[in-house]
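[1] Structure, please.
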Amino acid sequence: GAQYNLGLSYANGRGVPQNYAEAAKWFRKAAEQGHAGGQNNLGVLYEDGKGVPRNYAEALKYYRLAAEQGHAVAQNNLGVMYANGRGVPQDLAEAANYSRLAGEQGDVRAQHSLGLLYEFGEGVEKNDVEAAKWYRKAAEQGHAGAQYSLGFLYEFGEGVEKSDAEAAKYYRLAAEQGYARAQYSLGILYEEGRGVEKNGVEAVKWLRKAAEQGHAGAQHYLGFMYDFGLGVKENDEEAVKWYRMAAEQGNAKSQYSLGIAYEQGNGVTRDLNEALKYYRLAAEQGEVAAQKAVKRLSSQVAGERESQ
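    Next comes the predicted model:
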């Protein structure tokens with residue numbers, strides 16, 4: 001254990017200057033004596049190329065040694081290697097096997113991974129009830145991604161009895177940890193008054209948090225709230241600002257909304273060519289209203305050119 005602890009000190013820079021090569025040396029000594037933690041941590045250094053040249057085959061070898069000793073973190077790491085095809089051909093069934101071994105020992109990342117595999121039917125037969133079971137285990141350990149995923153299952157009644165109140169509960173747990181997708185989903189529940197009392201101000205608060213993290217859907221929705229003065233004072237310039245951010249990420253609804261802003265001169269100088277540009281972008285993505293706007297505006301712009 002002393003060699004392993006020395007390796008940890010060097011890896012984390014605790015009491016000694018951080019030095020991955022020294023960490024690798026001491027983890028290797030511990031690993032050679034059969035220390036599972038040393039084997040796992042040496043595997044991590046090989047996977048990340050820290051203190052040793054990156055080598056997935058070596059990472060795999062040491063993860064496997066630790067996993068065979070029942071080391072949960074190593075079992076999870078091995079599952080991730082199989083899921084990503086690192087050092088082995090991708091094998092989602094094997095990924096699920098190792099995630100299960102680690103998850104049953106309480107490894108939170110493995111529980112979340114296994115939930116995903118069940119929800120999307122990868123490496124296992126799709127089973128929303130099993131997905132919910134594993135998400136719940138990870139969610140109860142505070143895993144934000146699992147809290148969000150469990151909230152999603154409750155919102156849509158997949159694998160659990162549909163409940164907006166439960167959805168809101170789990171979205172909130174993840175949102176408070178800064179998880180953007182949960183912040184967005186919670187914002188929408190507040191705006192629509194599902195599972196929580198309808199509250200535009202709260203909706204804007206959570207949508208803004210997600211939007212500021214770059215979530216395109218939240219940027220669009222926040223623009224919409226400013227556009228129509230929902231939960232916030234109406235402000236065309238702010239609406240355009242958020243629509244533009246979402247549009248630049250390819251959000252078709254925001255591209256259409258920007259088209260309207262340019263056509264009507266709301267929050268921007270009226271510019272029919274710009275309007276047409278954004279309508280076309282949205283239309284190409286199948287936004288029906290935008291397709292109609294392209295037809296209507298194309299002839300208008302052409303007509304204006306002819307009459308000049």
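[2] Tell me, please, the helix or strand in this protein that averages the lowest pLDDT.
    Least confident helix or strand, the chain: helix 288-307 with a mean of 84, by mean pLDDT, DSSP states H and E.
[3] Please point out which parts of it sit buried.
    A290, Q291, A293, V294, L297 (16 or more other CB atoms under 10 Å). Quick note: C-beta positions are derived from backbone N, CA and C, even for glycine.
[4] Identify the farthest-apart pair in those residues.
    Q291 and L297 (11.1 Å; CB to CB).
[5] quick revisit: distance to F228 added to the buried residues of helix 288-307, as a markdown table?
    Below are the buried residues of helix 288-307 laid out as a markdown table (distance: CB to CB, whole Å):
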| residue | distance to F228 |
| --- | --- |
| A290 | 19 |
| Q291 | 23 |
| A293 | 19 |
| V294 | 24 |
| L297 | 22 |
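[6] Go through these and say which is closest to Q183.
    Checking the buried residues of helix 288-307 one by one against Q183 (CB to CB), the nearest turns out to be A290, at 27.5 Å.
[7] wait, what's in contact with the closest one?
    A252, Q255, Y256, G259, Y279, R280, L281, A282, A283 (CB atoms under 8 Å, 6 or more residues apart in numbering).
[8] Surely the first one and A282 touch.
    When you say that, I think you mean A252. Yes: A252 is within contact range of A282, at 4.6 Å (criterion: CB atoms under 8 Å).
[9] Tell me which of those two has more neighbours.
    When neighbours are counted by other CB atoms under 10 Å, A252 and A282 differ, and A282 comes out ahead with 26 against 20.
[10] Quickly find the element holding that one.
    Element membership for A282, per DSSP states H and E: helix 272-284.
[11] ok, now A110?
    helix 108-120.
[12] Let's test this: mean pLDDT of the helix or strand following that helix, rounded?
    Next helix or strand after helix 108-120 toward the C-terminus (DSSP H and E): helix 128-140. Across helix 128-140, the average pLDDT comes to 98.
[13] mind checking how far L6 is from N19?
    Remark: distance between L6 and N19 (CB to CB, to the nearest Å) = 11 Å.
[14] Of these two, which one has the most company?
    Comparing L6 with N19 by other CB under 10 Å, the one with more neighbours is L6, at 19 against 14.
[15] Contacts only, for L173.
    Counting by CB under 8 Å, 6+ apart, L173 has contacts A139, G142, A144, Q147, A182.
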